[in-house]
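**Student:** Just a sequence and a predicted model for now, questions to come.
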Amino acid sequence: MKRLLLFSFLLSASGFSQKVELDSLLKNSPAILGKTEYLDSPFLVSGRRLYMVGHQNGSFPEIGWHIPGEMGGIWDHPIKLFDGFQAEITTSGHSIALDDASEFTNFPVASRQVFNFSEEQLKVERWQFVADTSEALLINFTIQNTSDQPQKIGLHFSIFSDLRPTWLGERTNMEDGKDVAAIQHGKVLFKDSLNSWFAMIASDQKAVKTTKIPTKYKGKGVGIKMDYEWEIPAKTTKNIQFYLSGSNVSERELQQNYRRFRQNLFQEIESKISKFEHLGELSRLQIPDKNLQTAFEWLKYNSEWLVQTVPGLGTGMTAGIPDYPWYFGVDSEYALRGYMAVGQEETVLQTISLLDSVSSAVNANGRIIHEMSTNGAVFNRGNINETPQFSTLIWEIYKWNGNEAFLKKYFPTIEKGLDWLLSENDKNGNLFPDGFGMMEIHGLDSEMIDVAVYTQQGFEDAAKIAEKLGNSDKQKAYSEIARKLKTRINDRFWSEEFQSYADFIGTDEQALKLTEDAIIRADTLNKPWSVKELKNTRDYLLKNPSATARPFVLHHNWVVNTPMEMGIADPGKARMALETAVSYTNPFGVFVTGIDRDESSETGNGSFKGSKSFSYTGAVMTLPTGVQAIAENNYGNPDRALEYLQKMTRSFSYAFPGSIYEVSPDYGMITQAWTIYSYAIPIIQQFFGIDPMASEKEIHLRPLMPKAWPKASLENVKIGDNELSVFYSEENEVMNLKIIQTQENWKVIFHLPEKFSNLSIGNELQAIPPDREFVLTGKEILLKAE
């Protein structure tokens with residue numbers, strides 16, 4: 001009791017609360033109504049400091065596997081605040097739980113549940129809004145009496161604290177204590193008894209009674225119940241707001257968070273709406289396929305949902321929610337290229353800075369970390385592919401921002417990392433580093449195809465960086481390694497028998513062990529064709545042994561397509577490999593592990609059937625599918641690339657409205673960062689052909705549009721201090737382009753596609769130069785090709 005008396009949280013509720021009507025404020029915002037069959041599945045509403053995960057029906061079950069049962073609720077990293085809350089309506093002597101919503105609607109900045117009680121002649125709406133950059137959350141209930149008579153209504157709101165550390169908290173001495181609660185003047189303050197971790201809830205109305213109740217969740221939290229009673233006149237509504245806030249620093253900071261949120265609630269909402277409207281306007285796409293267009297728009301919102309700021313650590317893009325709400329090397333190395341293309345540069349720079357600083361602190365040798373929790377604990381110091389991919393990321397971002405200081409800042413990390421890559425991980429000196437890449441399959445850690453490919457690209461991009469910085473010795477050395485690697489990948493990883501690049505190069509002993517494991521996997525999953533193929537491979541190896549390492553195609557993992565993703569595959573081999581890859585797809589995209597495919601894959605389009613414990617076995621994901629779209633475009637196949645984008649889009653809003661699940665169509669993370677890579681690169685950099693070089697104030701334009709898009713536009717693409725818009729149309733083999741840029745002195749270098757023999761700029765017919773390049777300037781440029 002004495003401990004509770006120390007809580008001095010004495011704020012007056014009068015005079016500074018702002019009433020807001022979210023339905024009115026959001027009437028012009030994009031909105032997507034969820035499916036009734038997925039009401040009992042997760043949703044997310046987030047800000048940069050705080051986010052909430054519950055179920056669309058209004059409940060808060062214990063979900064997640066990283067911290068078992070704890071990944072839902074309300075998080076304020078590096079701590080959790082609440083497991084969830086529940087509400088009940090009482091009328092005419094009985095209670096109705098608000099945990100079976102008839103509707104769920106998602107907005108970029110908020111969400112809403114609707115509960116219809118026709119027998120009681122009541123309708124309840126529950127809204128939730130999370131502040132953009134402060135640790136606060138609004139819950140709003142609107143109770144409508146639809147009858148012709150006044151009704152006495154009670155609302156019973158219960159909330160359950162769980163002030164506990166994030167994943168790996170034990171590594172940074174974050175010991176979870178039992179929560180205690182203090183009820184003071186209509187507000188409730190929660191504190192972890194061992195730490196300065198605080199949470200608070202208050203309402204804009206005085207409760208009839210506030211009582212402590214047992215928590216219904218596992219853990220060391222406590223429960224509070226707040227009771228309200230009203231008489232609601234006929235055909236009118238009653239509105240009540242709850243304000244939640246948190247702090248892992250002090251009670252004083254908690255009070256400041258709470259007071260600021262209540263005083264500025266209207267401005268908080270308006271500001272966040274405006275921010276997301278701006279995100280939607282950047283790289284704005286207009287195409288005939290409205291489903292794909294909408295998915296692309298919402299992926300820009302998804303990308304912002306995943307940005308988290310942790311004081312003392314930094315701000316960065318997190319990988320996915322609910323189970324990966326922390327920072328990753330490789331996820332960022334894919335996703336940030338997409339973030340940059342859709343204009344979210346601030347997040348790109350913040351995330352790169354965070355990754356570099358932590359990697360330097362933990363590794364000090366240029367190795368890029370793989371996974372770090374929001375308490376700063378690094379779980380995996382880095383898979384092999386992440387270090388060369390950092391080099392490619394830095395070069396690609398530089399092409400967009402043109403900032404030489406940016407290159408200078410990160411080139412030392414790249415130099416050290418590439419040296420570590422080959423000096424410590426290439427025992428036989430063949431330039432193929434050994435170790436895990438994207439496929440974290442036990443035993444699959446010899447010379448991996450994706451590691452080899454990303455190493456080649458990393459050295460190639462490092463050479464370009466060295467050249468920009470005037471380091472000719474490094475430029476020559478890196479270029480020579482990249483040249484050798486490109487040749488060796490095409491020679492040594494290619495399997496003529498399988499018409500594919502190999503999963504890995506290894507010994508017969510390694511391959512036989514992996515084959516036996518793969519046979520068990522395929523048999524367990526009832527994939528008879530895979531079992532047959534793998535047994536044939538095993539028999540071949542036993543009859544035709546090799547004393548030296550050689551390439552193997554065992555799993556048909558998606559990474560065999562990375563030579564085409566990076567554009568280093570020989571064209572003839574690329575054509576065969578791209579055709580082979582088609583066999584390892586279903587209607588939603590590309591299988592992570594090809595041997596998981598079965599005969600029903602081509603027609604199956606239902607829910608993902610995963611194992612009882614969380615597993616990616618049998619998964620189709622957006623990253624492999626996006627890689628395949630990029631690969632097809634690299635070899636001149638935009639129509640096939642579009643097919644892969646359409647496959648991914650079948651998962652859009654399938655379960656969580658406005659989002660695409662990590663595993664298609666409805667498994668794993670409910671929103672995943674690297675999906676923006678899978679859309680932005682094929683659409684912006686390949687279909688529209690935008691290839692920037694901001695340092696030279698140049699934009700190369702190489703349109704490669706699919707036939708299904710005879711008319712398309714992409715507006716407000718940020719490149720340095722310029723913004724570019726491209727309006728495209730093609731009919732009867734005549735292409736028209738209107739190019740608008742905000743900086744008229746920038747050069748647009750247009751590359752005339754081979755299929756056209758004439759080009760007019762304005763109304764003037766041009767002579768076609770041998771390189772088919774045209775250097776254009778001005779704020780508005782009109783082109784006609786035929």
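**Tutor:** On my side now, so go ahead. The structure displayed is predicted, hence computed values, not measured ones. Numbering: from 1, shown residues only.
**Student:** give me the low-pLDDT residue ranges for the protein?
**Tutor:** 1-18, 440, 442-443, 599-604, 611-612 (pLDDT under 70).
**Student:** quick one: the residue nearest the centre of the chain from Leu752, how far?
**Tutor:** The centroid of the chain falls nearest to Ala673 when counting by C-alpha atoms, centre = their mean (1.1 Å). As judged by C-beta to C-beta, to the nearest Å, Ala673 and Leu752 stand 36 Å apart. All C-beta spots, glycine's among them, are computed from the backbone N, C-alpha and C.
**Student:** can you check Lys647 too?
**Tutor:** Separation of Lys647 from Leu752 (C-beta to C-beta): 31 Å.
**Student:** what's the answer for Asn195, then?
**Tutor:** 65 Å.
**Student:** So between the two, which is more surrounded?
**Tutor:** Neighbours were counted for Asn195 and for Leu752 using other C-beta atoms under 10 Å; Leu752 has more, 22 against 16.
**Student:** show me what contacts the nearest residue to that one once chain neighbours are set aside?
**Tutor:** In this structure, Leu752 finds its nearest non-sequential neighbour in Arg772, 4.4 Å apart by C-beta to C-beta, 6 or more residues apart in numbering. With contact taken as C-beta atoms under 8 Å, 6 or more residues apart in numbering, Arg772 is in contact with 751-752, 754.
**Student:** Which SSE is immediately downstream of the lengthiest strand in the chain?
**Tutor:** Counting by DSSP state E, the longest strand found in the chain is strand 151-165. Where DSSP states H and E defines the elements, the next helix or strand beyond strand 151-165 is strand 179-184.
**Student:** For that next one, output the C-alpha coordinates as CSV.
**Tutor:** Provided in CSV are the C-alpha atoms of strand 179-184 (Å, rounded to 0.1, in the frame of the first residue of the first chain):
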residue,chain,number,x,y,z
ASP,A,179,2.8,-5.0,-11.7
VAL,A,180,1.1,-2.8,-9.2
ALA,A,181,-1.8,-0.4,-9.8
ALA,A,182,-2.9,2.8,-8.2
ILE,A,183,-6.4,4.3,-8.7
GLN,A,184,-6.4,8.1,-8.3
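**Student:** what's downstream of that strand, the next helix or strand?
**Tutor:** By DSSP H and E, the next helix or strand past strand 179-184 is strand 187-192.
**Student:** For that following strand, give me every contacting residue.
**Tutor:** 7, 9, 11, 13, 81, 159, 161, 163-164, 176-182, 197-202, 210, 221-222, 224, 226, 251, 254.
**Student:** Give me the distance between it and the centre of its chain.
**Tutor:** Distance of strand 187-192 from the chain centroid (C-alpha atoms, centre = their mean, to the nearest Å) equals 33 Å.
**Student:** List the pairing partners of the very next helix or strand once past it within its sheet, with orientation.
**Tutor:** Using DSSP H and E, the helix or strand that follows strand 187-192 towards the C-terminus is strand 198-203. Strand pairing for strand 198-203, using DSSP bridges, gives strand 187-192 (antiparallel), strand 237-247 (antiparallel).
**Student:** Quickly compare these and say which is most buried.
**Tutor:** Of all those, strand 187-192 carries the top mean neighbour count, a mean of 24, counting by mean count of other C-beta atoms under 10 Å.
**Student:** Return the angle between stretch directions for that strand and strand 151-165.
**Tutor:** On the basis of axes from the mean of the first three to the mean of the last three C-alpha atoms, to 10 degrees, strand 187-192 is oriented at 20 degrees to strand 151-165.
**Student:** The residue sitting furthest away from the middle of the chain: what's it in contact with?
**Tutor:** Taking C-alpha atoms, centre = their mean, the residue of the chain most remote from its mean C-alpha position is Gln149, at 49.3 Å. Contact analysis of Gln149 by C-beta under 8 Å, 6+ apart lists Ala234.
**Student:** Mind doing that once more with 10 Å?
**Tutor:** 121, 233-235 (C-beta atoms under 10 Å, 6 or more residues apart in numbering).
**Student:** Of these - the most surrounded one?
**Tutor:** Within the contacts of Gln149, Gln121 tops the neighbour count with 16 neighbours, counted by other C-beta under 10 Å.
**Student:** Now the terminal residues of stretch 608-617, how far apart.
**Tutor:** One end of stretch 608-617 to the other measures 11 Å (C-alpha to C-alpha, to the nearest Å).
**Student:** Helices along the stretch 251-400 of the chain, start to end?
**Tutor:** Taking DSSP state H, counting those that start in this stretch, the helices of the stretch 251-400 of the chain run over residues 251-263, 265-281, 290-305, 329-341, 345-362, 386-401.
**Student:** And the first one, what's buried?
**Tutor:** Neighbour counts over helix 251-263 (16 or more other C-beta atoms under 10 Å) mark 251, 253-255, 257-258, 260-262 as buried.
**Student:** and if you look at stretch 563-575?
**Tutor:** 563-566, 568-570, 573-575.
**Student:** Sort out for me which of these are in helices.
**Tutor:** Members of the buried residues of stretch 563-575 lying in helices (criterion: DSSP state H): 563-565, 573-575.
**Student:** nearest to Tyr540, of those?
**Tutor:** Minimum distance to Tyr540 across these is 21.5 Å, recorded for Lys573 (C-beta to C-beta).
**Student:** Looks like Ala295 contacts Leu645 (just checking).
**Tutor:** Yes. Counting by C-beta atoms under 10 Å, Leu645 is a contact partner of Ala295 at 8.7 Å.
**Student:** Overlap of the contact sets of those two?
**Tutor:** 289, 679.
**Student:** Show me the chain divided up by domain.
**Tutor:** Domain assignment for the chain by automatic domain parsing gives 2-10+42-276, 282-685, 688-785.
**Student:** Any chance of TSV for those domains, columns distance to Leu22?
**Tutor:** Conversion of those to TSV gives the following (distance: least, C-beta to C-beta, whole Å):
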stretch	distance to Leu22
domain 2-10+42-276	5
domain 282-685	16
domain 688-785	28
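**Student:** can you tell which of these is closest to Leu26?
**Tutor:** Distance to Leu26, taken as C-beta to C-beta, is lowest for domain 2-10+42-276 among the domains of the chain, at 5.4 Å.
**Student:** residue contacts, Pro551?
**Tutor:** By C-beta under 10 Å, 6+ apart, the contact set of Pro551 is 447, 449, 491-495, 497-498, 500-506, 511.
**Student:** Inside strands: which ones of the residues you listed?
**Tutor:** 447, 494-495, 500-501, 504-506.
**Student:** Just among the residues you listed, which is most surrounded?
**Tutor:** Neighbour tally across the ones in strands among the contacts of Pro551 (other C-beta under 10 Å): the maximum, 32 neighbours, falls on Phe504.
**Student:** Please name the bridge partners of it.
**Tutor:** Partner residues in beta bridges with Phe504, using DSSP bridges, are Met448, Phe552.
**Student:** For it, give its distance to Ile232.
**Tutor:** Separation of Phe504 from Ile232 (C-beta to C-beta): 67 Å.
**Student:** got it, and Ser303?
**Tutor:** Distance from Ser303 to Ile232, counting by C-beta to C-beta: 41 Å.
**Student:** Neighbour count for the two, which is higher?
**Tutor:** Taking other C-beta under 10 Å, Ser303 and Ile232 do not tie; Ser303 has more neighbours (23 against 18).
**Student:** need the strands for the stretch 451-600 of the chain, in chain order.
**Tutor:** 494-495, 500-501, 504-506, 550-552, 585-586, 589-591 (DSSP state E, counting those that start in this stretch).
**Student:** Regarding stretch 200-209, how distant is the last residue from the first?
**Tutor:** Using C-alpha to C-alpha, the end-to-end distance of stretch 200-209 comes out at 17 Å.
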